[in-house]
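>>> structure of the sequence below:
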Amino acid sequence: MPLILVSMYPGRTKEQKDEFAKAITAAAAQILKAKPEHIIVVYDEKPKENWFQSGRPL
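Below you'll find the model as predicted:
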């Protein structure tokens, strides 16, 4: 059962997240030869001030 974690800033609408989850699920099902009902997508939304790259805030 594929579990796909998506980390991103908060602020996307429910509709955007729904559409993205459907697209990710369809791609994973095709590429991984998995049933869509076995694919789980989880959003992990963290505030922008918690994101750093090379020790610098994004």
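>>> ok, residue 21 - contacts?
By Cβ atoms under 8 Å, 6 or more residues apart in numbering, the contact list for residue 21 reads residue 41. (Each C-beta comes from the backbone N, C-alpha and C, glycine too.)
>>> so how far is the helix or strand containing it off the chain centroid?
Using DSSP states H and E, the element containing residue 21 is helix 14-32. Taking Cα atoms, centre = their mean, to the nearest Å, one finds helix 14-32 lying 9 Å from the centre of the chain it belongs to.
>>> go through whatever helix or strand comes next after it and flag the buried ones.
Following helix 14-32 in sequence order, the next helix or strand is strand 40-45 (DSSP H and E). Residues of strand 40-45 classed as buried: residue 41 (neighbour count, 16 or more other Cβ atoms under 10 Å).
>>> can you list the strands that the following helix or strand past strand 40-45 pairs with?
Next in sequence after strand 40-45, counting helices and strands by DSSP H and E, comes strand 52-53. Strand partners for strand 52-53, identified by DSSP bridges, are recorded as strand 56-57 (antiparallel).
>>> now the partner strand: average pLDDT?
Confidence over strand 56-57 (mean pLDDT, whole number) is 96.
>>> contacts for it?
48-49, 51.
>>> and that strand, how far from the chain's centre?
22 Å.
>>> from residue 25, how far out is residue 13?
18 Å (Cβ to Cβ, to the nearest Å).
>>> ok, back up a step: relative to strand 40-45, how tilted is the helix holding residue 21?
140 degrees (axes from the mean of the first three to the mean of the last three Cα atoms, to 10 degrees).
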